[in-house]
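Trainee: whatever this is, show me its structure:
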Amino acid sequence: AADVGGAAADGPVRAETDKIMDELRETLEARKPANTSQGEVSVRWAYEVMAPAAAGAVLLAVLLATG
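Mentor: Just a heads-up that it's a prediction; the model follows:
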C-alpha cells in the first residue's frame, strides 16, 4: 500500500503519539533483559523551568495589581 502521511493507505489512521508509544513499548521489551539500569531513581527540582515560571508569576501579579 502507498504511504500517505506516515500511515498505510489501507489501514486505520493512527495518531503520532500512538505510534511513539508503540515504539517506546517495543524498546522497553527489547531492553528488559539488559542490566544497564542500576541504582536508585533520583528526583530533582528543574530550576531551569521554575525560574522563568516564577518570573512570569511575579510579572503577572504586577500587571494585575497595576491594571
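
Trainee: quick one: mean pLDDT over the longest helix anywhere in the chain.
Mentor: In terms of residue count, the longest helix belonging to the chain (DSSP state H) is helix 47-66. The pLDDT scores in helix 47-66 average 95.

Trainee: can you offset everything so residue one is 760?
Mentor: Sure thing, new numbering starts at 760, so read that last one as helix 806-825.

Trainee: pull that helix out as CSV, backbone CA atoms only.
Mentor: Presented in CSV, the C-alpha positions along helix 806-825 are these (Å, rounded to 0.1, in the frame of the first residue of the first chain):
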residue,chain,number,x,y,z
TYR,A,806,15.3,25.1,38.3
GLU,A,807,15.7,25.9,34.6
VAL,A,808,11.9,25.6,34.4
MET,A,809,10.9,27.0,37.8
ALA,A,810,12.9,30.3,37.4
PRO,A,811,11.1,31.5,34.3
ALA,A,812,7.8,30.4,35.7
ALA,A,813,8.3,32.3,38.9
ALA,A,814,9.4,35.4,36.9
GLY,A,815,6.2,35.1,34.9
ALA,A,816,4.1,34.8,38.0
VAL,A,817,5.7,37.9,39.5
LEU,A,818,5.1,39.8,36.3
LEU,A,819,1.5,38.7,36.1
ALA,A,820,1.0,39.8,39.8
VAL,A,821,2.5,43.2,39.0
LEU,A,822,0.3,43.6,35.9
LEU,A,823,-2.9,42.6,37.7
ALA,A,824,-2.0,44.9,40.6
THR,A,825,-1.4,47.9,38.3
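
Trainee: which strands or helices does that helix pack on?
Mentor: Here helix 806-825 touches no other helix or strand, going by 3 or more Cβ pairs under 8 Å, 6 or more residues apart in numbering; DSSP states H and E. Using the backbone N, CA and C atoms, a C-beta is placed for each residue, glycine as well.
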